[in-house]
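S.K.: Following is a predicted model, sequence given first.
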Amino acid sequence: MAAGMHAIGRFGIGFFSVFLRGSVVRVYSRRCDKGQETGRLLDFRGGTTSRPILSSASGKPVPVDGGTRVEVLLKNPPYDVGGLLRVNSYSKQTVPLNALVGAVAPNLISRSQRSLKTE
(Lines give C-alpha, C1' and ligand atoms only; values in the text may rest on other atoms or scores of the structure.)
Protein backbone atom coordinates (compact mmCIF):
# COMPACT_ATOMS: atom_id res chain seq x y z
CA MET A 1 0.00 0.00 0.00
CA ALA A 2 1.24 3.50 -0.81
CA ALA A 3 2.71 5.55 2.01
CA GLY A 4 0.03 7.55 3.77
CA MET A 5 -2.78 5.50 2.18
CA HIS A 6 -5.44 4.25 4.58
CA ALA A 7 -7.99 1.80 3.17
CA ILE A 8 -11.55 2.48 4.24
CA GLY A 9 -13.34 -0.52 2.68
CA ARG A 10 -13.31 -3.83 4.47
CA PHE A 11 -15.56 -6.08 2.43
CA GLY A 12 -14.08 -6.54 -1.04
CA ILE A 13 -14.41 -4.38 -4.15
CA GLY A 14 -17.33 -2.47 -2.71
CA PHE A 15 -19.11 0.44 -4.26
CA PHE A 16 -17.39 0.42 -7.64
CA SER A 17 -18.85 -2.99 -8.46
CA VAL A 18 -22.13 -1.20 -9.33
CA PHE A 19 -20.48 -0.04 -12.56
CA LEU A 20 -20.56 -3.65 -13.78
CA ARG A 21 -24.35 -3.26 -14.05
CA GLY A 22 -24.78 0.40 -14.96
CA SER A 23 -22.81 3.50 -15.90
CA VAL A 24 -25.24 6.06 -14.45
CA VAL A 25 -25.10 5.98 -10.65
CA ARG A 26 -26.49 8.48 -8.15
CA VAL A 27 -25.63 8.47 -4.46
CA TYR A 28 -27.92 10.52 -2.20
CA SER A 29 -26.73 11.00 1.36
CA ARG A 30 -27.32 13.07 4.46
CA ARG A 31 -26.38 12.89 8.12
CA CYS A 32 -29.12 11.82 10.50
CA ASP A 33 -28.40 14.74 12.84
CA LYS A 34 -28.71 17.40 10.11
CA GLY A 35 -31.69 18.81 8.21
CA GLN A 36 -33.04 17.76 4.80
CA GLU A 37 -31.35 20.77 3.18
CA THR A 38 -27.90 19.33 4.00
CA GLY A 39 -28.39 16.33 1.71
CA ARG A 40 -25.73 15.78 -0.95
CA LEU A 41 -25.83 14.11 -4.36
CA LEU A 42 -22.84 12.39 -5.96
CA ASP A 43 -23.73 11.86 -9.62
CA PHE A 44 -21.72 9.49 -11.86
CA ARG A 45 -22.84 10.02 -15.47
CA GLY A 46 -20.07 8.21 -17.33
CA GLY A 47 -19.22 5.27 -15.13
CA THR A 48 -15.63 5.31 -13.97
CA THR A 49 -14.38 7.11 -17.10
CA SER A 50 -15.50 10.59 -16.06
CA ARG A 51 -15.46 12.61 -12.87
CA PRO A 52 -18.53 12.46 -10.64
CA ILE A 53 -20.39 15.66 -9.83
CA LEU A 54 -20.99 16.51 -6.16
CA SER A 55 -23.89 18.88 -5.54
CA SER A 56 -26.57 19.79 -3.07
CA ALA A 57 -29.50 17.38 -3.17
CA SER A 58 -32.00 20.12 -2.36
CA GLY A 59 -35.30 19.41 -4.05
CA LYS A 60 -34.32 15.78 -4.57
CA PRO A 61 -35.43 12.81 -2.46
CA VAL A 62 -32.77 12.31 0.22
CA PRO A 63 -33.22 9.67 2.95
CA VAL A 64 -35.76 10.99 5.48
CA ASP A 65 -33.98 9.73 8.60
CA GLY A 66 -30.48 10.22 7.25
CA GLY A 67 -28.28 7.66 5.58
CA THR A 68 -27.41 6.85 2.00
CA ARG A 69 -29.37 5.66 -1.03
CA VAL A 70 -27.69 4.42 -4.22
CA GLU A 71 -29.56 4.41 -7.55
CA VAL A 72 -28.19 2.56 -10.59
CA LEU A 73 -29.56 2.87 -14.13
CA LEU A 74 -29.12 -0.68 -15.41
CA LYS A 75 -27.30 -1.24 -18.73
CA ASN A 76 -29.68 -4.08 -19.64
CA PRO A 77 -33.39 -4.29 -18.80
CA PRO A 78 -33.75 -6.79 -15.90
CA TYR A 79 -35.62 -9.48 -17.85
CA ASP A 80 -33.60 -9.24 -21.10
CA VAL A 81 -30.56 -11.35 -21.97
CA GLY A 82 -27.75 -10.17 -19.71
CA GLY A 83 -30.27 -8.62 -17.33
CA LEU A 84 -30.05 -8.80 -13.56
CA LEU A 85 -33.07 -11.09 -13.18
CA ARG A 86 -32.18 -13.51 -15.98
CA VAL A 87 -30.90 -16.96 -14.90
CA ASN A 88 -28.49 -17.17 -17.85
CA SER A 89 -28.17 -16.17 -21.51
CA TYR A 90 -29.54 -19.47 -22.82
CA SER A 91 -32.74 -19.70 -20.81
CA LYS A 92 -35.88 -17.60 -20.66
CA GLN A 93 -36.15 -18.43 -16.96
CA THR A 94 -35.99 -15.46 -14.61
CA VAL A 95 -35.25 -15.06 -10.93
CA PRO A 96 -37.94 -13.42 -8.76
CA LEU A 97 -36.67 -10.12 -7.35
CA ASN A 98 -37.23 -11.25 -3.74
CA ALA A 99 -35.06 -14.33 -4.39
CA LEU A 100 -32.29 -12.17 -5.85
CA VAL A 101 -32.37 -9.77 -2.90
CA GLY A 102 -32.45 -12.72 -0.48
CA ALA A 103 -29.36 -14.21 -2.13
CA VAL A 104 -27.43 -10.93 -2.20
CA ALA A 105 -28.52 -9.58 1.19
CA PRO A 106 -29.98 -12.40 3.30
CA ASN A 107 -30.47 -10.14 6.35
CA LEU A 108 -33.02 -8.00 4.52
CA ILE A 109 -36.64 -8.98 5.09
CA SER A 110 -39.36 -7.48 2.98
CA ARG A 111 -42.16 -5.61 4.72
CA SER A 112 -44.72 -8.29 3.79
CA GLN A 113 -42.56 -11.08 5.23
CA ARG A 114 -42.00 -9.11 8.43
CA SER A 115 -45.72 -8.49 8.96
CA LEU A 116 -46.47 -12.19 8.44
CA LYS A 117 -43.94 -13.17 11.11
CA THR A 118 -45.34 -10.77 13.69
CA GLU A 119 -49.00 -11.76 13.23
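M.R.: Okay, I see it.

S.K.: Report the separation between Gly47 and Ser29.
M.R.: Relative to Ser29, Gly47 is positioned 20 Å away (criterion: Cβ to Cβ, to the nearest Å). All C-beta atoms are positioned from the backbone trio N, CA, C, and that covers glycine.

S.K.: quick one: secondary structure of the residue nearest the centre of the chain?
M.R.: Note on the chain: the residue nearest the mean C-alpha position is Val70, at 3.8 Å, using Cα atoms, centre = their mean. When classified by DSSP: H, G, I helix; E, B strand; the rest coil, Val70 comes out as strand.

S.K.: Please give me every residue in contact with it.
M.R.: Neighbouring residues of Val70 by Cβ atoms under 8 Å, 6 or more residues apart in numbering: Phe15, Val18, Val25, Arg26, Val27, Tyr28.

S.K.: swap the cut-off to 6 Å and go again
M.R.: Residues touching Val70, when contacts are defined by Cβ atoms under 6 Å, 6 or more residues apart in numbering, comprise Val27.
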